[in-house]
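Trainee: Can you look at this prediction? I've put the sequence above it.
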Amino acid sequence: KTFKWGNAGDVSSMDPYARQETFLLTFTQNIYDPLVRRDKNLKLEPALAVKWGQVDKNTWFFDLRPGVKFSDGTPFTADDVVFSLNRANGPGSNMGSNFASVKEIRKVSDLRVEVITKYPDPLLADKWAALGMMSKAWAEKNNAVNSADMTKNEENYATRNAMGTGPFMLKERRAGERTVLVPNPGWWDKPTHNLTEVIFTPIPNAATRVAAIKAGDIDMMYEVPPADTETLKRDPNIAVLEGPETRIVYLGMDQERNELVESSVKGKNPFKDKRVREAIYRSIDVDAIKRTVMRGQSFPTALMVAPGINGYMKDLDKRPALLKPDEAKKLLADAGYPQGFEVGMDCPNDRYVNDEKICQAVVAMLARIGIKVNLLAQTRNLYFAKILRKGDGSPGTTSLYMLGWSPAQTYDVHNVFEALIQTPNAATKKGMFNAGGYSNPELDKLADAMEQETDKTKRDAMIAAATKLYVNDYAYIPLHQQAVVWAARKNISLVQPADNSFPLRFVTIK
Amino acid sequence: MLAFVLRRLAQSVAVLLTVGVVAFFMFRYVGDPINAMVGQDTSLQERDELRQKLGLNDPAPIQFLRFIGNAAQGKFGLSYRTSEPVGRMILERMPATLELSFCAAMFSLLVGVPMGVYTGLYPRHWSSKLLQAVSLIGVSLPTFLVGILLILVFAVFLRLLPSFGRGETVDIGWWSTNFLTTKGLLALIMPSITLGLFQLTLIMRLVRSEMLEVMRTDFIKFARARGLSNRAINFGHALKNTLVPVITIAGLQLGAIIAFAVVTETVFAWPGMGQLFIQSVQFADIPVMAAYLMLIAFLFVVINVIVDLLYFLVDPRLRSQGGAARVSGH
Amino acid sequence: MPDTGVAVTRPPASGGKPLVRLSALKRYFDVSPPWLARVLERKPRAVVQAVAGVDIEIKKGETFSLVGESGCGKSTVARLVVGLYPPTDGSIEFDGNDMAHKRGAAEMAAIRRRMQMIFQDPFASLNPRWRVFDIIAEPIRAFKLASSAQDVRKRVDDLLRQVKLTPADGSKYPHEFSGGQRQRISIARALASRPEFLVCDEPTSALDVSVQAQILNLMMELQREHGLTYLFISHNLAVVYHISTRVGVMYLGRLVEVADTDMLFKRPKHPYTRMLLDTIPDLDMTGRQRSPVAGEVPSPINPPSGCAFHPRCPFANERCKRERPASIAIEGGLVACHAIEEGRLKIEDRSYGVRA
Amino acid sequence: MDWYRRAIDSDIWWSFKSSTTTVVAASVTLFIFAMAFLAPILAPHTPFDPATLSLSDGLRPPVLFSPEGDWSFPLGTDDQGRDVLSAIMYGTRLSLEVGFAAVIAAMLIGITLGLISGYVGGAIDAVIMRVADVQLTFPAILVALLIDGMVRGIISVKRHDEIAIYVVVGAIGLSFWVQYARTVRSSVMVEKNKEYVQAARVIGLSPMLIMVRHVLPNVTGPVMVIATINLGLAIITEATLSFLGVGLPSTEPSLGTLIRLGNDMLQSGDWWVSLFPGVTLAVLVLAVNLLGDWLRDALNPKLR
Amino acid sequence: MTAGSNQTPLLEVRNLRVEFPTRRGTLVAVDDVSFSIAPGEVLGVVGESGAGKSLTGAAIIGLLEPPGRIAGGEVLLEGERIDNLPYERMRRIRGARIGAIFQDPLTSLNPLYSIGRQLVETIQTHLPLSAAEARKRAIDLLKEVGIPAAESRIDHYPHQFSGGMRQRVVIALALCANPRLIVADEPTTALDVSIQAQIIALLKRLCREHGTAVMLVTHDMGVIAETADRVAVMYAGRLAEIGPVRDVVKNASHPYTRGLMGSIPSLGVRSERLTQIDGAMPRLTAIPTGCAFNPRCPEAGQRCTVERPDLMPAGVTRAACWLYAPGGVGAALTREAANA
Ligand SMILES: Nc1ncnc2c1ncn2[C@@H]1O[C@H](COP(=O)(O)OP(=O)(O)OP(=O)(O)O)[C@@H](O)[C@H]1O
Ligand SMILES: Nc1ncnc2c1ncn2[C@@H]1O[C@H](COP(=O)(O)OP(=O)(O)OP(=O)(O)O)[C@@H](O)[C@H]1O
Ligand SMILES: [Mg+2]
Ligand SMILES: [Mg+2]
């Protein structure tokens, strides 16, 4: 049974380490099994490793599954694991950040690999759950020992070819056109799918994508535009699956500079005043955004992490009541801006679901409390280049911006604290994505402590304390979790994990 | 003749070099490719290292020389987005675009020329006026809207044609073609119409006005006075004399078609160069953009040379003059 | 035939000071293919010797006509004289001033003002978007010949009356006039700067005979009234016979014969002149078979060696092929012909002009 | 009243009057122009002022098509709560501004270069025409994509939205000038050999003056025809650029941007968001093109 | 001389009227023109620009450009009426029985085809000849019109010929099927003075040899004087005078013809002033009532401004002028005119 599906973009490479990007990782995992994989509920479960854990504080072990063969018939051994991990940490690979704590990887026996870390890293297995295992022999034979090196002008075999132990094998790869997979008959696991062929096609234009599934030209597609969700739901042949994604979309404000880069206010920074932040926060009606802009396809939140992430505090996830425009204006007046002010806002237009429209709605809401926002919505690479910090830790050029973040590698809240909320510091590499430069020393301390803390209750207490700090500071303005909306023909059954991954092994056709 | 070809060649090199310069200097500003190349967690240091390795921090002239040097050898490097060699990425997508453009051009010529001839021969007939007004729709609706409407009607409601993609293709060497399978041919219909509609209108109107003008020339009057049949006059004498400007415009339009394929390909998920280019712009994939532009310039030059050679075939006056004079188009 | 006029002989204009003097005037046009093509196809540069050395003196008050076949360089001479083309070589003197001489704009304008041109095509020589009034006023304004708007109007009205139009015509556009009327407007424009010298390049050849007569009459009238000097260009020998005092016959960029009108038509010397005269159809010759000139005009890019006329000349010999004839003065005119010089060809009364 | 009588009397007016299509096209064009330029007076809402938008008004259907409609939003609202009718009026105005500005920009560049090229000739002519060739290599869409990208890159610090309109105008203008340059050049080459130009030279007028006073007015005919047709094309191109994401900002949408924004909702049942702007665009461009068509034939004496 | 006045005429035009509907009403460009041409005869048609000469010719060969149309009268070729034939039948007559020559040889030939092709195409359209035979005939024709080295030049393109040569080719094309009548519309106007004579001589010789009749439209009186047997003078869409060439030229009856002849500069006599007819031919939209020439006529009487004269015998010629009415200009008006 052939399963045809599409989404907006193509898998950029067949090399599982080429990009640290959800789509590439989950797609290549259909071919390359990881040591440890996630189940339908994102819980870790054994894959190529049957057992794993920490021998001591700084040593991890992985016991490999015996009798696993690559799809070309060669056996899978510890050598392949060591090779793969080193390759993922090697030149050309984009996965290096998952190896920050790793000191050494060594083969203990054919079925056991140990990893020595520089410091205790309780999340190593989580980080590596997306890391597919490659064949050493295959890579060596095909001159693909390293991932493609951009500086050399030559192509890498692994970019267009793939061979792993996974549930599927790559049959045809036409970049930008289609990618065809067929089941791997020798897969170690018992297939839960009933597919004989999978054809993946990128369809960049959303309207075409919707038309294609309506016309039955494809069986499943994702990134359903929120606007079309309703019609697709009404189509008797199509089922729509929706669930919250772990990514939180939020607004950030520059609280670092003494004068905003793009504002009518000179000589001071209004965002440094908590009243201003509060006025803004409490003037944004996320429910209205949910209703019209997102057509119900969002889950408003007050926190920077989503349910399902380790460290999510359900009882803190309550947005304060909305302010009436006069109340907000009064707050602003108290802060010294009775006439409001003018500020620039940056927004991507091709990164998150309806990103530009959300920003537009925000502009309108802020306009009503006297803050005139000049919106600049642009394509993602220009946008990121503008707002993100530079390599030396200096801030990007933005005053008010929108970002989305998901601790997708670790599923732990610490990642969020470290990357987004801690004071930016080029030396320790903390807070490097804290584009607005929010800083609270107390919170910094808590975050540093929770990284090392292995006692769950203590750690949870730290997390709760830290969370309250940034919530009360109105450090960020969390908007919502965007929904993952998929559409499939009615005869397809599939599983939709919350991390926006799409494992083909759960697909069945009736 | 030889001189003519040489001059064209010199001009081509000039055009390509200019395009190279323009391309290069524009690309310096299309955004930071690094962000497209790495995931969200990649540390800022790693980003900087990558930038360094790619030579993006070098002074512009050095980057340019490197770019031209490599381009001259046909090396455009690896795509920042997919790490594949750019040359091959483009080559792979070229058949799709060229076949689509060819069909669109054929559609616009095969429909546009007869329509133009008809409206030119009977300018006062109501059906001509109708045709003319209807043809204007081709230039009154944005391409993307035409495409989507076609998809809605023919794929979603009538289920006659595939909604996207190339259907089935057959590989002949590295060239994958749509022409050998029914599905492939069906898949060509809507994109070709979408892409060719605009050109159809242009060509029809051009042929019409040329016909109107030619029909008033003395030699047509004289041909009538000689008692030649209408067929011989309309097609033998009149049509052939409209060919020179039509060839010019059709040639230029073929270039435009290839470039306009950007939009059509996006709408129909047609895996061609245009779609590649749009993605490259989004991702600041400089090597791909550069190669694409150079290729377009090259195709343009080739088309121009072919157009010029066609003039020689059509117009004996040029043959004897050595092609110095190029009949100017409109 | 209606015998309306009396035969008059125009006063021989000799004796007066030359108003215009062209000496060894040359104008070449480069019509070579582009450089690369020349190099590759080993083609030489191609140069049209449109005017290949012409000496003419035009005296005050006379009408000097240039005749010749199409492409012999008549218009080029006209344009050289009024400065539309710079000469390749040779000089043009106007009233003693060498035109090539550098001088200030005001001085230049003062000389320019004194010579104007009337063009052949009455349809192309008036800007279709301007009113007649503005067309005629343009030189007045350009040379600042009027002090006020009323003055301009007055002068334009005068000019319109002079060319037998009415001042009311000034507010019309050229397309509202017939060919003859347009040519009158052209003349009015030319007269607007009060010139002394008018270059007329085939001013009547686009007109009907009945209109042609009106224009020629007007021109002669104006000449009498204002003492104008004309350089008149035509290929119609009958017209030339009527209007000119002296005639120059051009062939391939050179003058082959210059003579007083009566002399030229009575005793043509150069074989080419005789041939041209032979081709004049005459109303009296109903049913007569003319003897057409044999052959066609050779290319001015590769003019024949020696005397350019030799391929068509029944009297040509070896010398004519080799050697270019110099102008010799004979019977008060100039002729460039070996046959005449050597006396091989007798000068006889051909009585074209006087058939009383 | 002189000009009035002359106008009524002229061939152009007559050919205009006798073509029903043209009269209809002109009326439609006039109507749309009036709607657009009087938008601040006529429009029920001010869609470009975010303060007046309310998400709670979002996605109202048009009154005539659904009982849920609201008479204050006769053509419904989009997902931002923007009144579609007002947005169309303002958007049309913007589109027309872009169209006119782009065409004028192209005309300025093209006519100047064409005049110089045609009148001066020689090497300058050759250079200008080669540049035109290269320009033709980059069709409008590519030029616009590149310029847009470039400008965004160069002035990323400034507010892009404010200059977006100039970018679009510049890009479209830059890709259109060749046509004018070529037309003007060939007209000039014909015109400059006409005897009336030579007559002006005999008078001793400067080439500049001759060019402006004599040559330029005589090339206006073909230029006007191209301009009319280009106006439609510019509006469409702007729409296409918006579709590709490099057009005008969505806070102040042009017709094209409106269509792009509504495009996603075409299949969702909220068809009015893109359909009404789409129809407006098509009708406007069609009418302008019909006018251009008529003008071309009316100004061409050979076809009369 | 009136050649063959007692035979059936080859061409007879009766009361021909050509109209152009315009927005300001109908414009009558040719009005009530009647004449005939005998086999082998050369009829010259002269008149000022816009007098309707070309339109008369075009009406005869059935090539009036719309919106122009024959609004009245008839055209008979060898007794057969041809002005109302369907397009296809008329097409077979054109080229086969009536040939045509136009003014500009430069534009009369299709620049994209060799002259041989154009000749062969014409020949094969009208004569049942094979390609080879047609080509042979084409070469013969070229030789006949005096193209040297016809065998090799037949494959040349029009631009490779000079103006005079091209006009010869055009004549050859008109002669392809040996037509009985040739309508030549200003065949020499675009040519050089010295070439004009050659072409006229050629045309005359060919017609004599083939027995072809010619309607020669021109405004060059010299050409007419030399070539034509009879002359028709047109003024403002009407025939002013028609008669044998010698009489029209020398002893014109119509005041217009007299003025026209007088304004031609001749080599014989030189005067301070040429005879001129003042004023200009009226526009077709503003033709005066009565005789169209009356505002310019030195001899106009009251009758001329009211009543239109028809052709009437005036000496040897026939002229449309009241001078030759039995009562002269001063005669009483006809009843209709008097009542008008
Ligand atoms: N601008 C030019 N460039 C190249 N050749 C030229 C130019 N002007 C004139 N000639 C050539 O110079 C020669 C003389 O031309 P000119 O116009 O003076 O002839 P003409 O005697 O006035 O002929 P006509 O009677 O046809 O007006 C011709 O062979 C013509 O082709
Ligand atoms: N298509 C037309 N529409 C309106 N009027 C026309 C048209 N063609 C010719 N005429 C008018 O018919 C009249 C006769 O034209 P015709 O061409 O027969 O003149 P002609 O005697 O041949 O003049 P010429 O000597 O200039 O060739 C002219 O006054 C002209 O204005
Ligand atoms: Mg001349
Ligand atoms: Mg005529």
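Mentor: Looks like it arrived, so ask away. Ligands and ions are numbered 1, 2, ... in the order given.
Trainee: Any idea which helix or strand in the chain has the lowest mean pLDDT?
Mentor: Picked chain A for this. helix A:380-387 (a mean of 77; mean pLDDT, DSSP states H and E).
Trainee: Would you mark the buried spots in that helix?
Mentor: A:380, A:381, A:382, A:383, A:384, A:385, A:386, A:387 (16 or more other C-beta atoms under 10 Å in any protein chain shown). Quick note: C-beta positions are derived from backbone N, CA and C, even for glycine.
Trainee: Nearest to ligand 1 among these?
Mentor: Closest approach to ligand 1 among these (C-beta to the nearest ligand atom): residue A:382, at 55.1 Å.
Trainee: For burial, what's the neighbour tally of the closest residue to residue D:269 other than its chain neighbours?
Mentor: Nearest-residue entry for residue D:269: residue A:231, 5.5 Å, with adjacent residues in sequence omitted and distances by C-beta to C-beta, 6 or more residues apart in numbering or on different chains. Residue A:231: 19 surrounding residues under other C-beta atoms under 10 Å in any protein chain shown.
Trainee: swap in the one 4 residues further on?
Mentor: The tally of other residues near residue A:235 (other C-beta under 10 Å) stands at 17.
Trainee: Same check on residue A:493?
Mentor: Neighbours around residue A:493, by other C-beta under 10 Å: 15.
Trainee: next one: residue A:109
Mentor: Using other C-beta under 10 Å: residue A:109 sits among 11 other residues.
Trainee: how about the helices in the stretch 201-350 of chain C?
Mentor: Secondary structure of the stretch 201-350 of chain C by DSSP state H, counting those that start in this stretch: the helices cover C:209-226, C:237-243, C:261-266, C:271-279, C:318-322, C:338-342.
Trainee: out of those helices, which comes closest to residue D:209?
Mentor: In terms of C-beta to C-beta, the element of the helices of the stretch 201-350 of chain C nearest to residue D:209 is helix C:209-226, at 28.3 Å.
Trainee: need the residues of the stretch 401-510 of chain A near chain D, please.
Mentor: Residues of the stretch 401-510 of chain A lying near chain D by C-beta under 8 Å from any C-beta of the partner chain: none.
Trainee: For chain D, what is the nearest residue in the stretch 401-510 of chain A?
Mentor: residue A:487 (11.7 Å; C-beta to the nearest C-beta).
Trainee: wait, what's in contact with the residue nearest to residue D:269?
Mentor: Neighbouring residues of residue A:231 by C-beta atoms under 8 Å, 6 or more residues apart in numbering or on different chains: A:210, D:267, D:268, D:269.
Trainee: and if we set it to 10 Å?
Mentor: With contacts defined as C-beta atoms under 10 Å, 6 or more residues apart in numbering or on different chains, residue A:231 is in contact with A:210, A:214, A:224, A:238, A:240, D:265, D:266, D:267, D:268, D:269, D:270.
Trainee: same check, this time on residue A:411
Mentor: Per C-beta under 10 Å, 6+ apart, neighbours of residue A:411: A:38, A:42-44, A:123, A:126-127, A:129, A:246, A:305-306, A:308-312, A:498-499.
Trainee: Show the buried residues in those.
Mentor: Here, 16+ other C-beta under 10 Å leaves A:38, A:42, A:44, A:123, A:126-127, A:129, A:246, A:305-306, A:308-312, A:498-499 buried among the contacts of residue A:411.
Trainee: about what we covered before: quick check: the two most widely separated of the buried residues of helix A:380-387?
Mentor: Using C-beta to C-beta, the pair of the buried residues of helix A:380-387 lying farthest apart is A:381 and A:387, separated by 11.6 Å.
Trainee: overlap in contacts of those two?
Mentor: residue A:348.
Trainee: thinking again about what came up before, any chance of the helices of the stretch 201-350 of chain C in TSV, plus mean pLDDT, mean neighbour count and distance to residue E:34?
Mentor: TSV is the format used below for those (pLDDT from 0 to 100; neighbours: other C-beta atoms under 10 Å in any protein chain shown; distance: least, C-beta to C-beta, whole Å):
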stretch	mean pLDDT	mean neighbour count	distance to residue E:34
helix C:209-226	89	20	24
helix C:237-243	89	24	33
helix C:261-266	88	22	42
helix C:271-279	85	21	35
helix C:318-322	89	15	56
helix C:338-342	88	19	54
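Trainee: wait, which of the ones you listed is closest to chain D?
Mentor: helix C:209-226 (15.9 Å).
Trainee: The closest one packs against which elements?
Mentor: strand C:63-67, helix C:149-162, helix C:179-191, strand C:197-201, strand C:229-233, helix C:237-243, helix E:255-262 (3 or more C-beta pairs under 10 Å, 6 or more residues apart in numbering or on different chains; DSSP states H and E).
Trainee: Out of the ones you listed, flag the one nearest ligand 2.
Mentor: Comparing these by their distance to ligand 2 (C-beta to the nearest ligand atom), the top pick is helix C:179-191, with 9.2 Å.
Trainee: Restrict the closest one to CA atoms and write it as PDB.
Mentor: Only the C-alpha atoms of helix C:179-191 are listed here, as PDB (Å, rounded to 0.1, in the frame of the first residue of the first chain):
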ATOM      1  CA  GLY C 179       0.400  70.400 -49.300                       C
ATOM      2  CA  GLY C 180       0.800  73.700 -51.100                       C
ATOM      3  CA  GLN C 181      -0.400  75.700 -48.100                       C
ATOM      4  CA  ARG C 182       2.000  73.800 -45.900                       C
ATOM      5  CA  GLN C 183       4.900  74.700 -48.200                       C
ATOM      6  CA  ARG C 184       3.800  78.300 -47.800                       C
ATOM      7  CA  ILE C 185       4.100  77.900 -44.100                       C
ATOM      8  CA  SER C 186       7.600  76.500 -44.500                       C
ATOM      9  CA  ILE C 187       8.500  79.500 -46.600                       C
ATOM     10  CA  ALA C 188       7.000  81.800 -44.000                       C
ATOM     11  CA  ARG C 189       9.100  80.100 -41.400                       C
ATOM     12  CA  ALA C 190      12.200  80.400 -43.500                       C
ATOM     13  CA  LEU C 191      11.500  84.100 -44.100                       C
END
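Trainee: And the strands in the stretch 401-510 of chain A, which stretches?
Mentor: Ranges of strands within the stretch 401-510 of chain A are A:476-489, A:492-493, A:508-509, based on DSSP state E, counting those that start in this stretch.
Trainee: How far away from the center of its chain is the last one?
Mentor: A distance of 27 Å separates the centroid of the chain from that of strand A:508-509, by C-alpha atoms, centre = their mean, to the nearest Å.
Trainee: Walk me through which strands that strand pairs with, and which way each runs.
Mentor: Using DSSP bridges, strand A:508-509 pairs in its sheet with strand A:492-493 (antiparallel).
Trainee: mean confidence for the strand it pairs with?
Mentor: Computed over strand A:492-493, the mean pLDDT rounds to 88.
Trainee: Report pLDDT for the closest residue to residue D:65 other than its chain neighbours.
Mentor: In space, and not counting its chain neighbours, residue D:65 is closest to residue D:272: 7.3 Å by C-beta to C-beta, 6+ apart. The model reports residue D:272 with a pLDDT of 81.
Trainee: Would you check that residue D:272 makes contact with residue D:61?
Mentor: Yes. At 6.4 Å, residue D:272 counts as touching residue D:61 under the criterion of C-beta atoms under 10 Å.
Trainee: Find the residues that touch each one of those two.
Mentor: D:69, D:73, D:75, D:76, D:77, D:84.
Trainee: residues touching the last one, list them.
Mentor: This means residue D:84. Contact analysis of residue D:84 by C-beta under 10 Å, 6+ apart lists D:45, D:47, D:60-62, D:73-78, D:91, D:258, D:262, D:272-277.
Trainee: same question, residue E:223
Mentor: C:281, C:290, E:44, E:46, E:186-189, E:196-197, E:199-200, E:203, E:216.
Trainee: picking that back up, of residue D:272 and residue D:61, which one has the most company?
Mentor: Taking other C-beta under 10 Å, residue D:272 and residue D:61 do not tie; residue D:272 has more neighbours (25 against 21).
Trainee: ok, the nearest residue to residue B:316 once chain neighbours are set aside - how many residues close by?
Mentor: Ranked by C-beta to C-beta, 6+ apart and with sequence neighbours excluded, the top spatial neighbour of residue B:316 is residue E:157, at 4.2 Å. Using other C-beta under 10 Å, residue E:157 has 21 neighbouring residues.
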